[in-house]
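# after the sequence you'll find the predicted model.
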Amino acid sequence: MPSPADDQAFAPLEGVRVLSLALNLPGPAALLRCRRMGATCLKLEPPGGDPMGLYNRQAYTALHEGIEIRTLDLKTEAGQQQLHAELASTDVLLTSFRPSALAKLKLDWATLQARHPSLSQVAIVGAPGERAEEPGHDLTYLAESGLVTGTELPPTLYADMGGALLASEAVLKAMLLRSRGAGGVYLEVALNASADWLALPRTWGLTQPAGAVGGAHAGYRVYPCADGRVAVAALEPHFAKRLCEAAQIASHDMLAPATRDALAAWLLTRTRAELDAMSRERDVPLLTLAD
């Protein structure tokens with residue numbers, strides 16, 4: 001069985017050429033995943049560049065490591081000719097335009113399929129089908145999926161990054177279908193669907209406040225400690241027992257409020273160093289954090 005270090009040696013997309021017109025985050029992140037799986041990746045940017053390069057150069061640089069970037073104006077005849085010359089030797093086209101924008105650029109699927117029968121397209125959209133024209137961003141997709149529970153912004157761009165994973169998965173799917181005799185295929189990846197996928201544990205009740213990993217279980221919470229915080233993940237009974245023994249809590253009923261309160265009171269008296277040492281000695285999963 002290959003180790004994580006062997007991922008690039010495995011390179012399931014070696015020999016596959018991916019051309020991307022997708023800007024901002026989901027498309028470039030998907031293209032980066034493809035490159036790391038061995039694909040040859042080319043990104044064509046409009047004359048104004050990718051907005052990501054303007055508002056976060058660090059992210060832009062990281063997303064485009066090892067990827068060839070060229071500037072091309074698709075609104076000109078010369079730009080269109082250059083694009084189709086590239087598409088003639090491309091396996092998968094990655095886009096993130098609304099369908100109406102693709103149609104204006106003569107890059108709708110029917111036109112592409114007629115001109116490049118072996119080409120596949122992975123189209124990243126905000127929402128699927130008839131909703132693909134709706135405006136939206138990561139925050140609105142997460143809110144729609146029930147993942148915005150207060151007024152604080154989510155700590156990362158879950159829908160965008162989840163969508164990037166689904167898009168790179170779609171590239172693999174397109175290549176698998178081709179290996180089975182299919183020609184070029186059109187695959188749509190919706191960012192709100194990626195948010196729905198990530199939201200399933202909450203939909204099932206697992207991460208709701210009454211759920212075991214939503215706060216109801218005393219061994220699966222974030223507590224304050226003497227000089228910071230501690231993320232406790234003693235969910236399984238043997239881990240919970242060791243934690244209670246360390247805290248000298250007689251009851252191991254991790255769903256009882258009294259157990260949670262006793263554990264909170266004990267953790268508040270312990271430093272991060274003491275809790276790290278206890279974790280190592282007793283094999284209890286936790287991670288201490290600074291305030």
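Yep, it's here. Numbering: from 1, shown residues only.

# helices and strands around the strand or helix carrying residue 29, which ones?
Element membership of residue 29 [criterion: DSSP states H and E] is helix 26-36. Where contact means 3 or more Cβ pairs under 8 Å, 6 or more residues apart in numbering; DSSP states H and E, helix 26-36 is packed against strand 17-20, strand 40-45, helix 57-63, strand 92-95, strand 120-125, helix 158-179. Every residue, glycine included, has its C-beta placed from N, CA and C.

# repeat the analysis, applying 6 Å as the threshold.
On a contact count with 3 or more Cβ pairs under 6 Å, 6 or more residues apart in numbering; DSSP states H and E, helix 26-36 meets strand 17-20, strand 40-45, helix 158-179.

# quick check: buried residues in the longest one?
Okay, so that is helix 158-179. 158-168, 170-172, 174-175, 178 (16 or more other Cβ atoms under 10 Å).

# residue 188: what secondary structure?
Three-state assignment for residue 188 (DSSP: H, G, I helix; E, B strand; the rest coil): strand.

# returning to that earlier point: adding mean pLDDT, write the helices and strands packed on helix 26-36 out as CSV.
Listed next are the helices and strands packed on helix 26-36 as CSV, based on pLDDT from 0 to 100:
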stretch, mean pLDDT
strand 17-20, 98
strand 40-45, 98
helix 158-179, 97
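
# tally of neighbours for residue 211?
Residues near residue 211, counting by other Cβ atoms under 10 Å, number 16.

# before we move on, the earlier item: can you list the helices and strands packed on helix 26-36 in JSON lines and add distance to residue 196?
As requested, the helices and strands packed on helix 26-36 are exported to JSON lines (distance: least, Cβ to Cβ, whole Å):
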{"stretch": "strand 17-20", "distance to residue 196": "24"}
{"stretch": "strand 40-45", "distance to residue 196": "28"}
{"stretch": "helix 158-179", "distance to residue 196": "9"}
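
# which one of those lies closest to residue 10?
For these, the distance to residue 10 is smallest for helix 158-179, at 12.3 Å, taking Cβ to Cβ.
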